[in-house]
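Asks: fold the following for me, if possible:
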Amino acid sequence: MEEMTIGYGLLLVVLGLVAGVINTLAGGGSNLTIPALMISGMPPDVANATNRVGVMMQGMTGLKQFHAKGKLPTGDLKGILIPTLVGGLLGGALASYAPAYLLKPALLLTMLGMAAVMLFKPSVVIPDAGTPVKRVDETPGAWMALFAAGFYGGFVQAGVGFVLIAALAGTLRYDIVSTNALKILCTVAFTAVALALFIYNDQVAWVPGLLLAVGSTVGAWLGVNIAIDIKPKTMKWFLFIMTLVAVGAAILK
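Replies: Residues are numbered from 1 along each chain as shown. Just a heads-up that it's a prediction; the model follows:
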């Protein structure tokens, strides 16, 4: 890895801010930050691990903001978190020990699938107003959807927001604001597990990671305030555009 410069450090802070907003509203912010880490000569597995520092900090900030504004549903947290954490533990373990070349195909296939969902069946991720919310224990497939989201997030991270939105809104039918709040809670949960594994294996570059975290924290604060006021129709198109961007990023990596 090349020596850190002031300009490169500022770039990480700015990209962290942008990623914090994007991840809070939708997902895919790591498609900016992971390549930014890699251009300094950082290996893909270390970049994937280091990126989690910013993701963790933006998640904790966003979660605090959603909770303070009364937008975090708490009625089924145990049912949501258990499969997400189990998946995150297994995905993080795989990412820590598996060859780095597996990351790109996993990212590309997932983003292509999400783009198809957003294009052909957007109601899966943007439920109609007034749609009743379901519990995990009464919804066939919800446990596996959340487990898969946690596994993907622990393994790749990039674009996991889309996968969590599909799991939470698609199977449990939360509205978009509640979905974003729960998405961040799940992200914090499996990121904590994955980050602990990466730290144990000495795969985190702390200076770049903390610089990303500074910008990501500010971006998450801005993102929550935008998420609460954004119209569902606007959000639908934002999600669709971001999935296409994520697909392009996966292809170019």
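Asks: shaky segments in the stretch 101-250 of the chain?
Replies: 101, 103-104, 107, 111, 118-119, 122-125, 129, 246-250 (pLDDT under 70).
Asks: what ranges do the helices span in it?
Replies: Counting by DSSP state H, counting those that start in this stretch, the stretch 101-250 of the chain has helices at residues 103-120, 142-155, 160-172, 176-200, 206-229, 232-252.
Asks: pull up the gap between residue 5 and residue 12, please.
Replies: Distance of residue 5 to residue 12, given as C-beta to C-beta, to the nearest Å: 11 Å. Quick note: C-beta positions are derived from backbone N, CA and C, even for glycine.
Asks: between those two, who's got more neighbours?
Replies: Ranked by neighbour count (other C-beta atoms under 10 Å), residue 5 and residue 12 place residue 12 first, with 27 against 10.
Asks: helix or strand for residue 34, which one?
Replies: Per DSSP states H and E: residue 34 is located in helix 30-38.
Asks: ok, and what's touching that helix?
Replies: Residues from elsewhere that reach helix 30-38, judged by C-beta atoms under 8 Å, 6 or more residues apart in numbering: 11-12, 15-16, 18-19, 22-23, 44, 46-48, 50-51, 54-55, 157-159, 205, 208, 212, 245-246, 249-250, 253.
Asks: can I get stretch 191-207 as CSV, trimmed to CA atoms?
Replies: Extracted as CSV, the C-alpha positions of stretch 191-207 are listed here (Å, rounded to 0.1, in the frame of the first residue of the first chain):
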residue,chain,number,x,y,z
THR,A,191,-21.0,-5.6,10.4
ALA,A,192,-20.1,-5.9,14.0
VAL,A,193,-19.7,-9.6,13.7
ALA,A,194,-17.7,-9.4,10.4
LEU,A,195,-15.5,-6.6,11.6
ALA,A,196,-14.6,-8.5,14.7
LEU,A,197,-13.4,-11.4,12.5
PHE,A,198,-11.4,-9.1,10.2
ILE,A,199,-9.8,-7.4,13.2
TYR,A,200,-8.9,-10.8,14.7
ASN,A,201,-7.2,-11.7,11.4
ASP,A,202,-5.4,-8.3,11.2
GLN,A,203,-7.0,-7.3,7.9
VAL,A,204,-8.1,-3.8,8.8
ALA,A,205,-6.0,-0.7,7.8
TRP,A,206,-7.1,1.7,10.6
VAL,A,207,-6.1,5.1,9.2
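Asks: which residues touch it?
Replies: Contacts with stretch 191-207, where a contact means C-beta under 8 Å, 6+ apart, come from 1, 4, 37, 42, 45-46, 49-50, 52-53, 55-56, 59, 85, 88-89, 91-93, 95-96, 153-154, 157.
Asks: next one: stretch 86-106
Replies: Defining contact as C-beta under 8 Å, 6+ apart, one finds that stretch 86-106 is touched by 43-45, 48-49, 146-156, 189-191, 193-195, 197-198, 201, 203, 250, 253.
Asks: residues touching the nearest residue to residue 84 once chain neighbours are set aside, list them.
Replies: Excluding the flanking residues, the one nearest residue 84 by C-beta to C-beta, 6 or more residues apart in numbering is residue 150, at 3.8 Å. Residue 150 is in contact with 83, 84, 85, 86, 87, 88, 89, 91, 186, 189, 190, counting by C-beta under 8 Å, 6+ apart.
Asks: please check these and keep the buried ones.
Replies: Listed as buried from these are 83, 84, 85, 86, 87, 88, 89, 91, 186, 189, 190; burial here means 16 or more other C-beta atoms under 10 Å.
Asks: want to throw those into TSV with secondary structure?
Replies: Formatted as TSV, those follow (DSSP: H, G, I helix; E, B strand; the rest coil):
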residue	secondary structure
83	helix
84	helix
85	helix
86	helix
87	helix
88	helix
89	helix
91	helix
186	helix
189	helix
190	helix
